[in-house]
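Asker: Could you work out the structure for the sequence below:
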Amino acid sequence: MAIRKFNHKEAFCLMIYQNMSDFRMEDIIIWNSRDGVTPFIVFHEGHEYQHVDWHRDMMMIDPEFLKERILLPGKHIFRDITKEEATEAAKKRIAQFFGTEFEIQKGSKRYDEVLANLIEDFEGGPKLVVLDDTEIARFGDLSNLLAG
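Answerer: Take a look at the predicted model:
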């Protein structure tokens, strides 16, 4: 079986993120469950984590390994942001400008245009999640990772 080629070097890789806020805290290992770029810095549970040791990133697409070692409650992954999550994030971003010179009136044509553009920008981007049963269920059959 031919191994599938991916568009991004960090596609489906396990990556180390070092806690930059409190060096007494453990680093986290994040699996990128997508063929997409990942952020260099993430904020999680009040701490800043930075992607380090890039040379140690390891592609992980073996379905059995993923089921047994990665797709477990409490593990960290990047997955695609859903349309609903993108919409919520876009509305929050616009709301940050309320009361400033950049405020956009809700319900205006400009608001709708900016909202649509932000949703398009956010949708499909990476979202860091800590796995629970609901998130794990999103993955279903993992055999498609190997399909070319």
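
Asker: so who does Glu48 touch?
Answerer: By Cβ atoms under 8 Å, 6 or more residues apart in numbering, the residues touching Glu48 are Asn19, Met20, Ser21, Ile41, Val42. In this view, the C-beta of every residue, glycine as well, is placed from N, C-alpha and C.

Asker: Now with 7 Å, please.
Answerer: Met20, Ser21, Ile41 (Cβ atoms under 7 Å, 6 or more residues apart in numbering).

Asker: which element is it on?
Answerer: According to DSSP states H and E, Glu48 maps onto strand 47-52.

Asker: lowest confidence element among the helices and strands of the chain?
Answerer: Across the helices and strands of the chain, mean confidence by mean pLDDT, DSSP states H and E is lowest for helix 63-65: a mean of 85.

Asker: Buried ones in the very next helix or strand once past it, by neighbour count?
Answerer: Counting by DSSP H and E, the next helix or strand C-terminal to helix 63-65 is strand 76-80. For strand 76-80, burial by neighbour count (16 or more other Cβ atoms under 10 Å) applies to His76, Ile77, Phe78, Arg79, Asp80.

Asker: Stretch 11-30 now?
Answerer: Buried residues in stretch 11-30, defined by neighbour count with 16+ other Cβ under 10 Å: Ala11, Phe12, Cys13, Leu14, Met15, Ile16, Tyr17, Asn19, Ile28, Ile30.

Asker: if we can go back for a sec, as CSV, the buried residues of strand 76-80 with distance to Asp133 and pLDDT would be great.
Answerer: Converted to CSV, these look like this (distance: Cβ to Cβ, whole Å; pLDDT from 0 to 100):
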residue, distance to Asp133, pLDDT
His76, 16, 96
Ile77, 14, 95
Phe78, 19, 95
Arg79, 15, 93
Asp80, 19, 92
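
Asker: thinking again about what came up before, which two in the buried residues of stretch 11-30 are spaced the farthest apart?
Answerer: Spatially, the most separated pair among these is Ala11 and Asn19, at 24.7 Å (Cβ to Cβ).

Asker: can you list the weak-confidence ranges in the protein?
Answerer: By pLDDT under 70, the weakly predicted segments of the chain are 1-4, 141-148.

Asker: Domains in it, by residue range?
Answerer: What the record gives for the chain is the domain set 1-81+125-148, 82-123, from automatic domain parsing.

Asker: What segments of the protein are helices?
Answerer: With DSSP state H as the criterion, the chain has helices at 63-65, 83-95, 109-122, 133-137.
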